[in-house]
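Peer 1: Here is a sequence with its predicted model. Questions after.
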Amino acid sequence: MRDIKTHRGRPKAFDEIEALTAAMQYFWEHGYDATSVDDLLKVMGIKKSSFYATFKSKEALFSRALQLYREYSLAFLREYHKEHGAKQTMLMLVDSTIEELEKSGNVRGCLLMNSGKECYGRYENLSRQVGREFTYLFALFVELIAEAKEKGEIHNPKTPQEIALFYINALNGLVVTIRAGVEKALIEELSQEIKEILE
């Protein structure tokens, strides 16, 4: 009797998660519309035949990249939370935005927020997915704020949901303001105002 394992076809010549991660980073840097399949083939280091056999289309690949971004983000934030606590995790995101500006001169922002603006009204399936993925991150922020309030680290009288929504919008506003090229003093003022939400 033949061993069926020897008849499964050729194994993939690339690491799928590694290729997907490279695509996610490229989408994050350049956006969905500005990214071509040829761009993706170069950054992922794969052939067109492998691309379509594994990922089917640019839209399907982007869909998987959004999911991966959410998974990576949640894992990173939960790990940071374990080491530094709930409030510090929220403050870290503000500080890291400023640090990214100082190091690179630019800020990428959140892939989900960026994609939400780009896909809304144009790519129905992707737009819905962005909303779904975002709810996971929003739920984590609500959880962190509730914990910080319980520990007496945050005294803001608003509900965790209200604080989380205001925090996310303010953080996204900071990114937009930075991209507009405003003076450093205003950026620092805005970042301080975000931190005051968590007082």
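Peer 2: On my side now, so go ahead. Numbering: from 1, shown residues only.
Peer 1: Could you report the separation of Thr144 from Leu198?
Peer 2: Quick fix: residue 144 reads Leu, not Thr. Leu144 sits 10 Å away from Leu198, going by C-beta to C-beta, to the nearest Å. Any C-beta I mention is one placed from the backbone N, CA and C, and that applies to glycine too.
Peer 1: what's the overlap in contacts for the two?
Peer 2: Common contact partners of Leu144 and Leu198 (C-beta atoms under 8 Å, 6 or more residues apart in numbering): 87, 90.
Peer 1: ok, these two, which is more surrounded?
Peer 2: Leu144 (25 against 21; other C-beta atoms under 10 Å).
Peer 1: I'd like the distance between the residue nearest to Asn114 when sequence neighbours are not counted and Lys195.
Peer 2: Distances taken as C-beta to C-beta, 6 or more residues apart in numbering put Gly31 closest to Asn114, at 6.7 Å, once the chain neighbours are dropped. Remark: distance between Gly31 and Lys195 (C-beta to C-beta) = 29 Å.
Peer 1: Please apply the same query to Tyr26.
Peer 2: From Tyr26 to Lys195 the distance is 32 Å (C-beta to C-beta).
Peer 1: Break down the protein into its helices, ranges please.
Peer 2: Using DSSP state H, the helices of the chain run over 16-30, 37-44, 48-55, 58-84, 86-104, 111-119, 124-150, 160-179, 184-197.
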